[in-house]
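Undergrad: Kindly generate the corresponding structure for this input.
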Amino acid sequence: AAETRHALVIGNSKYAQVPLSNPANDAAAMAKVLQRAGFQVDLKLDADQRQMDAAIRAFGDRLKGDSVGLFYFAGHGVQVKGRNY
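TA: Numbering: from 1, shown residues only. This is a model prediction of the structure:
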């Protein structure tokens, strides 16, 4: 039997200090590609920390038994006091 494929795709563009134009579009495009490849995709756009924590926790819970997981993130890696790294 084939494994179950799960993907969590997050694209954050709407940052308060330095908004980005591409991450949400990139994440939506990646989600479409992964769906065509047979993944069950959970797409989160412009998620806050609470929403990302919940999505990551749920994603980990789905990865049981014979499953494959893929995590994709587009956006700033870290933003502290309005400064992006």
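
Undergrad: secondary structure class for residue 54?
TA: Using DSSP: H, G, I helix; E, B strand; the rest coil, the structure places residue 54 in helix.

Undergrad: Adjust the sequence numbering to begin at 51 for everything that follows.
TA: Sure thing, new numbering starts at 51, so read that last one as residue 104.

Undergrad: okay, it: pLDDT?
TA: Residue 104 carries a pLDDT value of 97.

Undergrad: Please tell me how far it sits from residue 58.
TA: 11 Å (CB to CB, to the nearest Å). Yep, even glycine has a C-beta here, placed from its N, CA and C like the rest.

Undergrad: Looking at these two now, which is surrounded by more residues?
TA: Set side by side, residue 104 and residue 58 show more neighbours around residue 58, with 24 against 12, by other CB atoms under 10 Å.

Undergrad: Could you find the closest non-adjacent residue to residue 123?
TA: residue 60 (4.9 Å; CB to CB, 6 or more residues apart in numbering).

Undergrad: What's the per-residue pLDDT of that neighbour here?
TA: Here the pLDDT value assigned to residue 60 is 97.

Undergrad: neighbours around it, how many?
TA: By other CB under 10 Å, 25 other residues sit near residue 60.
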